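Enquirer: I'd like to go over a predicted model; first the sequence, then the structure.
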Amino acid sequence: MTPSTANVRLRPLLERQRSAWALLTLFAHIPRTEPAFRMRFNELTPEDRTFFVDFYEAPTEQWAFERICLFWNVPMDSMRKEI
């Protein structure tokens with residue numbers, strides 16, 4: 001594989017990671033509570049919530065939401081034990 005073909009293959013992955021980080025930063029300056037994160041998550045467009053589901057390869061939006069909370073170290077009463 002040449003450097004140029006490697007760049008072509010990595011570009012979509014890097015763009016997805018940049019998009020994910022841009023969305024994750026929307027949670028950066030809100031209180032680290034489940035209700036605050038739930039409100040912000042619910043304010044996302046349906047396309048952005050679907051992006052998170054796809055990005056995390058999550059079976060449900062709830063699972064993706066829990067991954068976001070885990071990323072930001074938000075304690076959750078409803079968090080599943082297997083995460």
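Expert: Alright, I've got the coordinates. Given the structure is predicted, the values throughout are model-derived calculations rather than measurements.
Enquirer: Now the residue positioned nearest the centre of the chain: closest residue in space that isn't a chain neighbour?
Expert: By CA atoms, centre = their mean, the chain has its centre lying nearest to Phe52, at 4.5 Å. Among residues not flanking Phe52 along the chain, Ala64 sits closest, at 4.2 Å (CB to CB, 6 or more residues apart in numbering). No exception for glycine: its C-beta is placed from N, CA and C like everyone else's.
Enquirer: I'd assumed Arg49 was in contact with the one you found.
Expert: Yes - taking contacts as CB atoms under 8 Å, Ala64 lies within contact range of Arg49: 7.2 Å.
Enquirer: neighbour count winner among these two?
Expert: The residue with more neighbours, out of Ala64 and Arg49, is Ala64; 21 against 17, by other CB atoms under 10 Å.
Enquirer: give me every residue that touches the more buried one.
Expert: Residues in contact with Ala64 (CB atoms under 8 Å, 6 or more residues apart in numbering) are 49, 52-53, 55-56, 58.
Enquirer: same thing but 6 Å
Expert: With contact taken as CB atoms under 6 Å, 6 or more residues apart in numbering, Ala64 is in contact with 52-53, 56, 58.
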